[in-house]
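Novice: Here is my input; please provide its structure:
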Amino acid sequence: MPQETQTNQYENQDNFEKINTTLLSEELYSLEGSTIIELFEIDTAKYGGQIYRFHAGSVVQGDIVFSSQTYNAYSIAAEGFEIKGDGTLPRPKLALANVDGFVSAIIAGKDDFVGLKVKRIRTFLKYLDETNFIDNINPFGTPDETVKFPDEKYFINRKIAEDKTMVEFELASELELESVKLPARTVYANYCPWIYRGNGCHYGNKDVHPKSTWLLPTDGNILGQPLGKITYQHLFQTLAFTMLQAYMLVVIM
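Specialist: Coordinates of the predicted model:
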């Protein structure tokens, strides 16, 4: 495998989503599970704007602070996020209250927000920031931004309806874009490229391993080499070492 291929494969490690799947699983299978909080983000950077963060306000009446970001309570209706077993991708609908033409004024001259990124975030009430509670004390548990479902990313596909009461959009999965290619990164048989429970591994990921500790799970001279420094020589040495071990085992038997 060429060295540059491995370097490119890991160059965006810091951007990987961090999810504590251990606590997530415990919460999902708990008999007294916490309330699920649904948050949304619309990124208008394409037009030089901000990221609008909001939630429906059905569980928490006021604003919500999660991962140090404030999500404003706003009257919305979101549906159609379910994934079907026939392989078709969902086309969710997101409706925003258009009081006094607020949303209409924002999307005016911006192609009705078509093509903008929308993120759906789902976490649990007990893991929200302490700022959300009285005296900045979370009575339900310890705040943890990594205990959440994987973020769902969509693009606004089209505006369905607009009147003086609401504006409704249809969302499309990023997998429906023509430029998307799968797999997004190289996949090798019988080999997991992530360090166990390290950055990139979603099994109890706590991001405890820096880049300098990324190693291939093999023996021999390759052990201790960062991924970006692995060469054909290292791979050949490892293969030769493994074959020698197998030969010695046969001779002994």
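Novice: those helices in the protein, which residues are they?
Specialist: Counting by DSSP state H, one finds helices in the chain at the ranges 3-9, 21-28, 102-107, 232-252.
Novice: Distance of the residue lying closest to Glu82 once chain neighbours are set aside relative to Leu175?
Specialist: Leaving aside its chain neighbours, Glu82 sits nearest to Pro90 (6.3 Å; criterion: CB to CB, 6 or more residues apart in numbering). From N, CA and C alone the C-beta is placed, and that goes for glycine too. Distance, Pro90 to Leu175, using CB to CB, to the nearest Å: 10 Å.
Novice: Name the residue in the two with the higher neighbour count.
Specialist: Neighbours were counted for Pro90 and for Leu175 using other CB atoms under 10 Å; Pro90 has more, 16 against 10.
Novice: Pretty sure that one sits against Ser173.
Specialist: Yes - contact criterion CB atoms under 8 Å: Pro90 and Ser173 qualify, at 6.8 Å.
Novice: from what I can see Ala78 touches Pro90, true?
Specialist: No - here Ala78 lies out of contact with Pro90, judged by CB under 8 Å, at a distance of 11.4 Å.
Novice: still on that earlier bit, residues touching the residue nearest to Glu82, list them.
Specialist: Counting by CB atoms under 8 Å, 6 or more residues apart in numbering, Pro90 touches 80-84, 173.
Novice: and those residues, which of them are in strands?
Specialist: Ser173 (DSSP state E).
Novice: filter the contacts of Pro90 to the buried ones?
Specialist: Among those, those classed as buried by neighbour count (16 or more other CB atoms under 10 Å) are 81, 173.
Novice: how about the contacts of Pro90 in a markdown table, adding distance to Phe124?
Specialist: Output for those, formatted as a markdown table (distance: CB to CB, whole Å):
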| residue | distance to Phe124 |
| --- | --- |
| Gly80 | 23 |
| Phe81 | 17 |
| Glu82 | 20 |
| Ile83 | 21 |
| Lys84 | 25 |
| Ser173 | 24 |
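Novice: what's the lowest-pLDDT member of the contacts of Pro90?
Specialist: Least confident of the contacts of Pro90 in the model: Lys84, at 81.
Novice: Could you tell me the per-residue confidence at the closest residue to that one other than its chain neighbours?
Specialist: Closest residue to Lys84 in three dimensions, ignoring its sequence neighbours and counting by CB to CB, 6+ apart: Pro90, at 7.4 Å. pLDDT, Pro90: 89.
Novice: Leu249 too?
Specialist: 53.
Novice: same deal with Gly62?
Specialist: Value for Gly62, per-residue pLDDT: 91.
Novice: Next: Glu145.
Specialist: pLDDT at Glu145 comes out at 92.
Novice: where's it relative to Tyr52, distance?
Specialist: Distance, Glu145 to Tyr52, by CB to CB: 20 Å.
Novice: so what's the residue nearest to Ile64 when sequence neighbours are not counted up against?
Specialist: Using CB to CB, 6+ apart and skipping residues adjacent in sequence, the residue nearest Ile64 is Tyr71, 4.6 Å away. Applying CB under 8 Å, 6+ apart, one finds that Tyr71 lies in contact with 39-40, 53-55, 63-65.
Novice: Which entries within the residues you listed meet the buried criterion?
Specialist: Neighbour-count burial (16+ other CB under 10 Å) is assigned, among those, to 39-40, 53-55, 63-64.
Novice: For my notes, please list those in CSV and give distance to Glu32 for each entry.
Specialist: Converted to CSV, those look like this (distance: CB to CB, whole Å):
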residue, distance to Glu32
Leu39, 23
Phe40, 27
Arg53, 29
Phe54, 28
His55, 23
Asp63, 26
Ile64, 22
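Novice: And the residues you listed, which is closest to Lys126?
Specialist: Ile64 (13.1 Å; CB to CB).
Novice: show me the contacts for the closest one.
Specialist: 37, 39, 55, 70-71, 73, 128, 132.
Novice: Looking at these, which are in strands?
Specialist: Filtering the contacts of Ile64 for strands - DSSP E - leaves 37, 39, 55, 70-71, 73.
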